[in-house]
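Asker: pasting the structure only:
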């Protein structure tokens, strides 16, 4: 994007923040024209008393839709245009990140604490030689 409309120097163009893009729209004039790329989601973080800002954050593995787009959280459910997301997800109030809270039977619960990374969270389906009755309790 280019913050000053009066200049025409290409070197003056500013890059969108990490994980964001103008979606191929040229001639953008504001950082507000930058949106999260498909494999990222807009995580709200505190910037001061009563102020939040959006930060494009890599989508957790288990929140990625079949078409490669990160699911959006709506009414405590992750929603995809194509496919569906397994598990119960919510937004962590402290840091604004997607957090996997539970998985259905037949899926292993893989949380941030277990994987060491928020990006690796998922409900991993058991293989043909495995089973799990309550992934939220069984280890």
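Answerer: Cool, the structure landed. Computed from a predicted structure; not experimentally measured. Numbering: from 1, shown residues only.
Asker: Relative to residue 80, how far out is residue 133?
Answerer: Distance, residue 133 to residue 80, using Cβ to Cβ, to the nearest Å: 27 Å. The C-beta positions use only the backbone N, C-alpha and C, and glycine is treated the same way.
Asker: quick one: which of those two has more around it?
Answerer: Between residue 133 and residue 80, residue 80 has the larger neighbour count (other Cβ atoms under 10 Å), namely 16 against 8.
Asker: Would you mind confirming that that one makes contact with residue 66?
Answerer: Yes. Applying Cβ atoms under 8 Å, one finds residue 80 in contact with residue 66, separated by 6.8 Å.
Asker: Which residue ranges of this structure form strands?
Answerer: 20-21, 35-36, 40-48, 51-58, 72-74, 77-79, 88-91, 98-102, 107-110, 122-125 (DSSP state E).
Asker: now for the first one, which elements pack on it?
Answerer: Contacts defined by 3 or more Cβ pairs under 8 Å, 6 or more residues apart in numbering; DSSP states H and E place strand 20-21 against strand 35-36.
Asker: Show the pLDDT at residue 97.
Answerer: Listed pLDDT for residue 97 reads 88.
Asker: Got phi/psi on it?
Answerer: The phi and psi torsions at residue 97 (degrees, to the nearest 10) take the values phi -90, psi 160.
Asker: Can you give me the distance of it to residue 86?
Answerer: Note on residue 97: its distance to residue 86, by Cβ to Cβ, is 18 Å.
Asker: isn't residue 98 right next to residue 41, touching?
Answerer: Yes. Look at residue 98 against residue 41 with Cβ under 8 Å: they come within range, at 6.7 Å.
Asker: Touching both of the two, which residues are there?
Answerer: Counting by Cβ atoms under 8 Å, 6 or more residues apart in numbering, the common neighbours of residue 98 and residue 41 are 59, 63, 73.
Asker: Can I get those residues in CSV including pLDDT?
Answerer: Putting these into CSV (pLDDT from 0 to 100) gives the following:
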residue, pLDDT
59, 93
63, 92
73, 70
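Asker: Alright, that wraps it up for me.
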